[in-house]
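>>> 3D model of this:
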Amino acid sequence: MKNKAAVTRQGDHAIVVTRRFNAPSELVFDAFTKPEMMKEWFHGPPGWKLTTCEVDLHPGGAYRRVWSNDAGESMGMGGVFTEVERPVRVVRTERYDQPWYEGEAVGTFTLSAVEKGTLMTLTIEYGSQAVRDQVMASPVMAGMETGYAGLDKYLETMQ
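As a prediction, the model looks like this:
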């Protein structure tokens, strides 16, 4: 069964991404939070690879991700976890090293069991409607599905 991410606006400042995965919540949670698993699938556009992935998964703990390509370019981001409830919820801040939007965002990631799988809901709150709309218009939103398709393949190998 093919799953696809749905992206919608919520209120004035948020984006909500929903996506179904054909795997149990515990496995999906681990794939999104364990560095050794993330390095297997969380790569970004073609030619990019997740090269640094550090996760201190508890309230107050930090995370760091860096993607690199063959041309020697890199893109990094990180933040702090404010809530962690395994395997159903993570809330974290988000700031890019090369800021392509103004300010910091807050992401709330929830997982819920559905028939034969897991429903992921990712709500990202931005500092303004203008920033939210800028992100919605960017290629990043379309590129999310590429990453999620990679996660689908990875989850198949893990079951």
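>>> Please count neighbours and contacts with C-alpha atoms only from this point.
Noted.
>>> what packs against the longest helix that the chain contains?
In the chain, assigned by DSSP state H, the helix with the most residues is helix 139-158. Where contact means 3 or more C-alpha pairs under 8 Å, 6 or more residues apart in numbering; DSSP states H and E, helix 139-158 is packed against helix 25-33, helix 35-41.
>>> buried ones in the first one?
Put plainly, it is helix 25-33. Neighbour counts over helix 25-33 (16 or more other C-alpha atoms under 10 Å) mark Ser25, Leu27, Val28, Phe29, Ala31, Thr33 as buried.
>>> What are the contacting residues of the longest helix of the chain?
Identification of contacts with helix 139-158 by C-alpha atoms under 8 Å, 6 or more residues apart in numbering yields 4-5, 7, 21-23, 27-28, 31, 40-45, 135.
>>> neighbours around Val106, how many?
Neighbour count of Val106, defined by other C-alpha atoms under 10 Å: 20.
>>> Isn't Gly78 up against Tyr96?
Yes: if you go by C-alpha atoms under 8 Å, Gly78 and Tyr96 touch, sitting 6.6 Å apart.
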